[in-house]
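Student: okay, here's the prediction I keep looking at, along with the sequence it came from:
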Amino acid sequence: MKWIGDNLKNLRHLHCLSRSQLADKIGLSEQKVWSFENNYAKPDFNEMNKIKSFFHVKPRYFSQPDLLSKADKENINVSAISFRFFQQ
């Protein structure tokens with residue numbers, strides 16, 4: 001499976017988490033999260049399960065470019081983008 005670390009970084013930012021906070025919540029080291037985000041390593045099966053379960057996404061989310069990476073960023077009004085985070 002192809003791994004796109006920016007997708008993990010984007011999710012982490014959308015949830016307003018530092019690397020350290022995410023690492024604590026999913027039981028990994030901050031260094032491990034950093035290596036995933038920067039494409040130095042890919043998560044193994046157990047690590048992937050922790051990440052996908054925490055963010056409620058399917059594993060394929062991390063192997064496909066997100067919509068913003070496909071967009072023409074010069075024509076996106078960043079101030080018009082809003083995100084909503086729903087607590088469960």
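Tutor: The structure has been received and is ready for your questions.

Student: run the chain-centre distance for stretch 56-70.
Tutor: 9 Å (C-alpha atoms, centre = their mean, to the nearest Å).

Student: in this structure, where is pLDDT below threshold?
Tutor: Scanning the chain for pLDDT under 70 picks out 67-88.

Student: list the contacts of the residue nearest to the spatial centre of the chain.
Tutor: With distances taken as C-alpha atoms, centre = their mean, the residue of the chain nearest its centroid is Leu8 (1.6 Å). Leu8 makes contact with Val33, Phe36, Glu37, Ile51, Phe62, according to C-beta atoms under 8 Å, 6 or more residues apart in numbering. In this view, the C-beta of every residue, glycine as well, is placed from N, C-alpha and C.

Student: most neighbours of all the residues you listed, which one?
Tutor: Neighbour count (other C-beta atoms under 10 Å) singles out Val33 as the most crowded of the contacts of Leu8, with 26 neighbours.

Student: element containing that one, please.
Tutor: Element membership for Val33, per DSSP states H and E: helix 30-37.

Student: and the contacts of that helix?
Tutor: With contacts defined as C-beta under 8 Å, 6+ apart, helix 30-37 is touched by 3, 5-6, 8-9, 12, 19-20, 22-23, 40-43, 47, 51.
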